[in-house]
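1. Sequence and computational prediction follow.
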Amino acid sequence: MNEPRFYVTTPIPGPGLPLLRAAGSVHLPTEQPDATALRQACESGDYDVIVAQVKDHFDADLLSAAKIRGVSNFAVGYDNIDVAAATAHAVMIGNTPGVLTDATADVAMLLILAVGRRAVEADTLLRTGRFTGWRPDLLLGQDISGATLGLAGFGRIGRATARRALAFDMKVLFCPRPPGDRHVSDAELGEFAERVRQVGWEDLVAASDYLSLHVPLAEQTRHLVNAEVLRSMKPTAMLINTARGPVVDEQALITALKTNEIAGAGLDVYENEPRLAAGLAELPNTVLLPHIGSATVSVRAEMARLCAENAITMARGVVPPHPVNPEAWRN
Ligand code: NAP
Ligand code: GLV
């Protein structure tokens with residue numbers, strides 16, 4: 001068998017590159033490839049697997065002309081890849097589930113706390129020399145304990161966020177497949193049985209003090225949170241998004257924040273990353289992070305290991321340890 005050839009769009013940390021180099025040859029472009037360069041790499045026939053990031057887009061057009069065996073995505077989310085087209089063209093996809101669950105749930109909790117207790121406004125006040133001493137009315141926020149957290153999505157990260165919220169004495173509601181309904185049995189709930197309550201999407205939106213999003217970006221979840229949903233939230237409620245930017249209509253969110261339809265937002269992801277919709281950064285009732293959900297040294301190293309293992313197995317024509325579309329292998 002020929003030596004596997006990997007095209008790595010952006011260097012991956014920890015054991016990632018050493019594992020790939022031990023298994024085959026690694027091409028690292030001098031700069032992050034744009035759409036044209038990525039397409040050329042995929043069409044060239046020079047590479048077996050592309051090791052990609054969420055900002056690398058693989059659409060149906062690119063995939064139809066690609067001469068690659070697989071795409072190993074350095075992420076659990078894979079909305080940057082047209083999965084149906086990849087499957088049709090026998091391009092396998094691998095991702096990195098599980099290892100980033102706790103880190104991302106930590107960031108959801110961090111945003112809940114930071115928005116609820118106005119941490120960024122408080123930090124800014126202090127740093128700009130406007131702290132004149134303790135005052136009974138200085139920067140009053142919202143309670144965390146006793147507040148209702150609504151989880152849109154109750155998979156790995158949704159559950160890990162529930163675990164944290166319960167430790168903060170929050171009431172936890174969830175809707176597993178918003179905006180649709182899917183009943184989750186007590187057996188499936190496991191440790192959460194009788195500690196969290198399943199409700200429909202509309203009830204989740206109306207009841208939440210903090211509404212936190214944990215669904216993948218898909219046709220059904222694009223603009224899941226739109227102007228109508230924002231109008232149905234409590235005026236004191238906060239929106240938390242660590243899922244994907246386009247799950248929220250960012251323009252509608254800005255309007256809702258400006259008109260006090262909701263009280264605040266904590267975001268790690270944006271509709272047109274890395275750009276922010278005009279006006280968002282100027283709103284004081286937001287906490288904005290630059291997509292750092294999984295950004296810890298150890299988590300990124302584990303993601304790199306999974307990503308490399310996926311890439312190496314796919315290059316050998318084998319279904320990877322974490323396949324997104326194992327059926328592509330048959331094609
Ligand atoms: P997961 O375990 O697969 O959970 C996904 C949840 O969404 C489940 O409740 C699932 O319902 C539901 N769901 C799946 N497809 C859906 C659809 N088409 N419409 C509505 N609901 C749907 O995923 P996870 O590991 O928790 O990750 C969730 C997302 O978080 C990822 O896809 C990624 O986009 C994002 N993420 C972001 C960061 C960051 O850095 N900010 C880091 C990691 C992940 P069922 O149980 O019924 O399937
Ligand atoms: C990051 O956003 C991921 O999906 O892993």
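-> Perfect, I can see it now. Bear in mind the structure is a predicted one, so any value in this text is a computation, not a measurement. Ligands and ions are numbered 1, 2, ... in the order given.

2. My guess is residue 176 contacts residue 200. True?
-> No - using CB atoms under 8 Å, residue 176 is not in contact with residue 200, being 10.7 Å away. Where C-beta positions appear, they are placed from N, C-alpha and C, glycine not excepted.

3. what about those two, which has more around it?
-> residue 176 (19 against 13; other CB atoms under 10 Å).

4. The residue nearest to the more buried one when sequence neighbours are not counted: neighbour count?
-> Spatial nearest neighbour of residue 176, excluding adjacent residues (CB to CB, 6 or more residues apart in numbering): residue 154 at 4.5 Å. Using other CB under 10 Å, residue 154 has 26 other residues around it.

5. Residue 31 now?
-> Neighbours of residue 31 under the rule other CB under 10 Å: 9.

6. Give me the spatial nearest neighbour of the spatially most central residue of the chain, chain neighbours excluded.
-> For the chain, residue 243 is the residue whose C-alpha lies nearest the centre (CA atoms, centre = their mean; 3.4 Å). Excluding the flanking residues, the one nearest residue 243 by CB to CB, 6+ apart is residue 213, at 4.3 Å.

7. didn't the one you found look like it was pressed against residue 229?
-> No - with contacts counted by CB under 8 Å, residue 213 stays clear of residue 229, the gap being 10.9 Å.

8. Low-confidence stretches in the stretch 1-150 of the chain?
-> 1 (pLDDT under 70).

9. Which single residue of it ends up nearest ligand 1?
-> Closest residue of the stretch 1-150 of the chain to ligand 1, CB to the nearest ligand atom: residue 77 (2.9 Å).

10. How many residues are close by that residue?
-> Residues lying near residue 77 (other CB under 10 Å) number 18.

11. Next up, the contacts around it.
-> Residue 77 is in contact with 54, 95, 216, 217, 243, 244, counting by CB atoms under 8 Å, 6 or more residues apart in numbering.

12. Swap in 7 Å and give it another go.
-> Neighbour list for residue 77: 54, 216, 217, 244 [criterion: CB atoms under 7 Å, 6 or more residues apart in numbering].

13. ok, now residue 67?
-> So residue 67 contacts 43, 45 (CB under 7 Å, 6+ apart).

14. could you redo the last one with a cut-off of 6 Å?
-> residue 45 (CB atoms under 6 Å, 6 or more residues apart in numbering).

15. I'd guess it is in a strand, am I close?
-> No - applying DSSP: H, G, I helix; E, B strand; the rest coil, one finds residue 67 to be coil, outside a strand.

16. Distance check, it against residue 7.
-> Distance from residue 67 to residue 7, counting by CB to CB, to the nearest Å: 12 Å.

17. Write out the residues of the stretch 1-150 of the chain neighbouring ligand 2.
-> Residues of the stretch 1-150 of the chain lying close to ligand 2 (CB under 6 Å from any ligand atom) are 54, 75, 76, 77, 100.

18. nearest spatial neighbour of the last one, skipping sequence neighbours?
-> Distance criterion CB to CB, 6+ apart; nearest residue to residue 100, sequence neighbours excluded, is residue 294 at 3.6 Å.

19. so that neighbour, which of the three states?
-> Residue 294 - assigned by three-state DSSP - is coil.

20. my guess is residue 158 contacts residue 152, does it?
-> No - between residue 158 and residue 152 there is no contact under CB atoms under 6 Å: 7.8 Å.

21. Between the two, which is the more surrounded one?
-> Neighbours per residue, other CB under 10 Å: of residue 158 and residue 152, the larger number sits with residue 152, 30 against 24.

22. what are the phi and psi values for that one?
-> With angles defined as degrees, to the nearest 10, residue 152 sits at phi -90, psi 100.

23. That one and residue 41, how far apart?
-> Distance from residue 152 to residue 41, by CB to CB: 36 Å.

24. C-terminal to the helix or strand containing residue 265, what's the next element?
-> Per DSSP states H and E: residue 265 is located in strand 264-267. Next helix or strand after strand 264-267 toward the C-terminus (DSSP H and E): strand 286-288.

25. And that following strand, what's buried?
-> Within strand 286-288, the residues scored as buried using 16 or more other CB atoms under 10 Å are 286, 287.

26. OK, contacts around the residue nearest to residue 270 when sequence neighbours are not counted?
-> Among residues not flanking residue 270 along the chain, residue 245 sits closest, at 4.1 Å (CB to CB, 6+ apart). Applying CB under 6 Å, 6+ apart to residue 245 gives the contacts 269, 270, 271, 273.

27. Distance-wise, check the first one relative to residue 215.
-> Here the criterion is CB to CB. By it, residue 269 lies 12 Å from residue 215.

28. With the last one instead?
-> Per CB to CB, residue 273 is found 17 Å from residue 215.

29. Which residue ranges of this protein form helices?
-> Assigned by DSSP state H, the helices in the chain fall at 16-23, 35-43, 60-65, 83-88, 101-116, 119-127, 156-167, 186-189, 201-207, 227-232, 250-258, 297-315.

30. Tell me which of the ones you listed lies nearest to residue 281.
-> Residue 281 lies closest, by CB to CB, to one member of the helices of the chain: helix 250-258, at 10.2 Å.
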